[in-house]
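Student: 3D model of this:
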Amino acid sequence: MRLSNLADYAVVTMCAASRHCGGERTSATELAAETGLPLPTVQKLVSVLSRAGLLRSTRGAGGGLQLARPAAAISVADIVEAVEGPIALTACVEGVECSVEHECSVKPHWPIVNDALRGALAAIPLTRLARMEEMA
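Tutor: From the prediction side, this is the model:
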C-alpha cells in the first residue's frame, strides 16, 4: 500500500500547522514556505482538511488557519481519511464488483485487515510526528 502524494502532503502540512498551536494562526502561504510544497497544493489541502474538521479558517484581521482541535487529538488516520476516504486495502470491501467474488474466501477477512491498518494509523497522534520532525 502506498499513500497518494496528496495524502503524504496533507500529513506534512498538518505537522507544520501543529507548530502553530496555542492560538497562533498561520496562513497557507506560510505553510507552503515552511514545507516547501507548492502554494496551490497547500491551498487545496487547507480546503480539504478544513472540510474534514481538522483545520479551522478564520477570515479578517487576525484571521488565518489553526488546528480545529488539539494536535494530540488528531491522528494520521484522520488526516489520511480526510484526503483518501475510508482506509481500505481492497476495492471489494467498498462494494466494487469483483470477477472472483463468488469463489473468494478472503473477502470476509478484509474488514479485519482494514480495521488493523486504520487502528495502527489512528494510534499515531500528530504530536508524535511533530516531535519526530524536531529530532530529525
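
Student: going forward, measure contacts between C-alpha atoms and count neighbours the same way
Tutor: OK.

Student: Show the residue spans covered by the helices in the protein.
Tutor: All helices of the chain, identified by DSSP state H, fall at 5-18, 28-35, 39-51, 76-84, 110-122, 126-135.

Student: TSV for those helices, including mean pLDDT, mean neighbour count and distance to residue 61?
Tutor: Output for those, formatted as TSV (pLDDT from 0 to 100; neighbours: other C-alpha atoms under 10 Å; distance: least, C-alpha to C-alpha, whole Å):
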stretch	mean pLDDT	mean neighbour count	distance to residue 61
helix 5-18	96	20	19
helix 28-35	96	17	16
helix 39-51	97	18	19
helix 76-84	96	21	28
helix 110-122	91	15	35
helix 126-135	75	14	28
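
Student: Just put those helices in CSV and tack on distance to residue 58.
Tutor: CSV is the format used below for those (distance: least, C-alpha to C-alpha, whole Å):
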stretch, distance to residue 58
helix 5-18, 14
helix 28-35, 12
helix 39-51, 11
helix 76-84, 20
helix 110-122, 27
helix 126-135, 22
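
Student: just how off-centre is stretch 100-112 within its chain?
Tutor: Centroid displacement of stretch 100-112 relative to its chain, using C-alpha atoms, centre = their mean, to the nearest Å, is 28 Å.

Student: Could you do stretch 58-74 as well?
Tutor: For stretch 58-74, the distance to the chain centre is 16 Å (C-alpha atoms, centre = their mean).

Student: Can you point out the buried residues in it?
Tutor: Burial within stretch 58-74, assessed by neighbour count using 16 or more other C-alpha atoms under 10 Å, is assigned to 65-68, 71, 74.
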